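Colleague: Next come a sequence and a model predicted from it.
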Amino acid sequence: MRKITTFFIIIVMVVFVLPIGLSAVSSLTAKRAESVSDKDAVTAGNFSQPFEISVYNTETGKTENVEFEGYITGVLAGEMPPSYNIEALKAQAVAARSFILSKAEDYFEGKNAESHHGAMICTDPNHCKSWRDIKAAKKTWDVRYADDYENKIKTAVSLTCGEYMTYDNKVVKAYFYAMSSGRTENVEDVWGVSLPYLKSVSSKEDIGSDGFESRLTLDKDAFVQKLKEANGGVEISDTKNMICDVKRTEGGGVSKIKIGNIEFEGSEIRKIFNLRSTNFTIECSDGKVTFEVYGYGHGVGMSQNGANVLAEKGLKYREILKHYYTGVSIVNLYKKF
């Protein structure tokens, strides 16, 4: 198998020099590959199957070369319930492929190398995506359905083989998460960057789903203590009226909230109290503080649960993707022979 650097070389040769066979290109050096500009890093139709990517496995502490489509299979096994509709799994495969390719572009621009221990990506879901060996994942599934689940995941990857999303001919950073609070978030409201395809859209299909609502209740003193641990400057004199000036995003999440004398980011409160999302309300009564929380995840991009509900309603994976990612095109990575 040729490593992904080989294929970046292919792009240079095709675009800038002349048509040349894969075998000739494969003999070129990695140093030549490093000269590829970021705009040419991932281009539809310029890759050939199979190729490998370098993955740092956080469980084993080792870097492995993994066949790309096989890696996508592992991401599906780690990121989406295998019981979901096949169209939702196909949408997940394309989103995952897009996200990983955007990480590949970052890698060739010299970004994130340290966090990945020199590899292109890693299996830490905090900054890449969850990944599970499908054979290991299979052992955790209901034995009655395990074979069917494995086949369904592999089928979803196979039927979308090579497909990924672009916007203005650039790879889409296809974020996804478990469940929206009824509407997705604008990416700028969450991470402060503007991407035209990550806009707030309706995801009302999530409302009322299992796990849509969650609750956390604390003693008032415990609530205040956690806040002080996060910000020692917090002063609360009137516990009944300690929460005011709640500002929300278009997606419904709390962007700012003033508690006592301090204005917190909604994301800060989510982290402090380990809430499922930033779409929450707070009620203070009888010495207790209660959070009512809606949805699960950061809210940017595709809701996995929402995708499944849409699939159950009859939407195909491309329709699902174009609902959650505004204005994208779906193209194929691989050459057609």
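Modeller: Yep, that arrived.

Colleague: hey, where'd the helices end up in the stretch 201-337 of the chain?
Modeller: 220-230, 266-273, 304-312, 317-324 (DSSP state H, counting those that start in this stretch).

Colleague: what's the closest of the ones you listed to His127?
Modeller: helix 266-273 (15.5 Å; C-beta to C-beta). C-betas here are computed from N, CA, C, even on glycine.

Colleague: Residues contacting the closest one, please?
Modeller: 190, 216, 218, 226-227, 229-230, 249, 253-257, 259, 275, 277-278, 280, 291 (C-beta atoms under 8 Å, 6 or more residues apart in numbering).

Colleague: Against Lys154, how distant is Ile121?
Modeller: For Ile121, the distance to Lys154 equals 21 Å [C-beta to C-beta, to the nearest Å].

Colleague: the more surrounded of those two?
Modeller: Legend: neighbour count by other C-beta atoms under 10 Å for Ile121 and Lys154, higher for Ile121 (25 against 17).

Colleague: after the top helix by length along the chain, next one along is what?
Modeller: In the chain, ranked by residue count with DSSP state H as the criterion, the top helix is helix 86-108. Once helix 86-108 ends, the next helix or strand along the chain (criterion: DSSP states H and E) is strand 121-122.

Colleague: for that following strand, packing partners?
Modeller: Applying 3 or more C-beta pairs under 8 Å, 6 or more residues apart in numbering; DSSP states H and E, we find strand 121-122 packed against strand 51-57, helix 86-108.

Colleague: Please produce a markdown table containing those, extended by distance to Asn305.
Modeller: Formatted as a markdown table, those follow (distance: least, C-beta to C-beta, whole Å):
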| stretch | distance to Asn305 |
| --- | --- |
| strand 51-57 | 27 |
| helix 86-108 | 9 |
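
Colleague: Kindly compare burial across those and name the winner.
Modeller: Compared across these, helix 86-108 shows the largest average neighbour count, a mean of 24 (mean count of other C-beta atoms under 10 Å).

Colleague: With only the CA atoms kept, save it in PDB.
Modeller: Presented in PDB, the C-alpha positions along helix 86-108 are these (Å, rounded to 0.1, in the frame of the first residue of the first chain):
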ATOM      1  CA  ILE A  86     -28.100   2.600   7.100                       C
ATOM      2  CA  GLU A  87     -28.600   6.100   5.500                       C
ATOM      3  CA  ALA A  88     -27.500   7.700   8.800                       C
ATOM      4  CA  LEU A  89     -24.500   5.500   8.900                       C
ATOM      5  CA  LYS A  90     -23.700   6.500   5.300                       C
ATOM      6  CA  ALA A  91     -24.000  10.200   6.200                       C
ATOM      7  CA  GLN A  92     -21.700   9.500   9.100                       C
ATOM      8  CA  ALA A  93     -19.100   7.800   6.900                       C
ATOM      9  CA  VAL A  94     -19.000  10.800   4.500                       C
ATOM     10  CA  ALA A  95     -18.800  13.300   7.400                       C
ATOM     11  CA  ALA A  96     -16.100  11.300   9.100                       C
ATOM     12  CA  ARG A  97     -14.100  11.000   5.800                       C
ATOM     13  CA  SER A  98     -14.400  14.800   5.400                       C
ATOM     14  CA  PHE A  99     -13.300  15.500   8.900                       C
ATOM     15  CA  ILE A 100     -10.300  13.300   8.700                       C
ATOM     16  CA  LEU A 101      -9.200  14.700   5.300                       C
ATOM     17  CA  SER A 102      -9.400  18.200   6.800                       C
ATOM     18  CA  LYS A 103      -7.100  16.900   9.600                       C
ATOM     19  CA  ALA A 104      -4.800  15.600   6.900                       C
ATOM     20  CA  GLU A 105      -4.600  19.000   5.400                       C
ATOM     21  CA  ASP A 106      -3.700  20.400   8.800                       C
ATOM     22  CA  TYR A 107      -1.000  17.800   9.100                       C
ATOM     23  CA  PHE A 108       0.600  18.800   5.800                       C
END
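
Colleague: and this structure, what are its domains?
Modeller: 37-177+326-332, 213-294 (automatic domain parsing).

Colleague: Kindly check the end-to-end length of the shortest one for me.
Modeller: Between the opening and closing residues of domain 213-294 we find a distance of 5 Å, counting by C-alpha to C-alpha, to the nearest Å.

Colleague: roughly how far is it from the heart of the chain?
Modeller: 26 Å (C-alpha atoms, centre = their mean, to the nearest Å).
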